[in-house]
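> coordinates only, sequence not included:
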């Protein structure tokens, strides 16, 4: 996280955050997202995009850029309301990027993989998957 990152301004509990899915193994056959898609390992920040003021084509363009940078395919995205992350006692920190001014990081993850999995499971359970 850069020093210029700040807590995301004007977050509303009903606002949605997209987590771009770059691996088929993160999606079940029934179209739900697995908890692994939300585990920040090996980092302690989870990259998301605030959907506020973005049209669908802009969201998918950002996702395609993320996939290209990581040299992976964009499988889809998992949208989750801010209140789910906050209910897990996580924080959303604004971290704009040149190609994505709505980029943010979810921080405040517990240190152990087991604790991270428990939170990731709650987030995944409350996410909606959209295939690209």
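Good, I have the coordinates. Predicted model, so just to flag it, every value in this text is computed and none were measured.
> tell me the confidence at residue 41?
pLDDT for residue 41: 73.
> scratch that, residue 2 is what I was asking about
For residue 2, the pLDDT comes out at 42.
> what sits closest to residue 72 if chain neighbours are left out?
Nearest non-adjacent residue to residue 72, counting by Cβ to Cβ, 6 or more residues apart in numbering: residue 22, 4.1 Å away. For every residue, glycine as well, the C-beta is placed using N, CA and C.
> show me what contacts the one you found?
66, 67, 70, 72, 73, 74, 75 (Cβ atoms under 8 Å, 6 or more residues apart in numbering).
> from those, pick the one nearest residue 85.
Of all those, residue 66 has the smallest distance to residue 85: 18.8 Å, by Cβ to Cβ.
> next one: phi and psi at the nearest residue to that closest one once chain neighbours are set aside?
For residue 66, ignoring the flanking residues on the chain, the nearest one in space by Cβ to Cβ, 6+ apart is residue 20 at 5.0 Å. Residue 20 has phi and psi values of phi -80, psi 130 when expressed as degrees, to the nearest 10.
> bridging across strands, which residues link to residue 20?
residue 77 (DSSP bridges).
> give me the number of residues near it?
When neighbours are counted by other Cβ atoms under 10 Å, residue 20 registers 24.
> next one: residue 128
Neighbour number of residue 128 under other Cβ under 10 Å is 13.
> bridged to it, which residues?
With DSSP bridges as the rule, residue 128 is bridged to residue 79.
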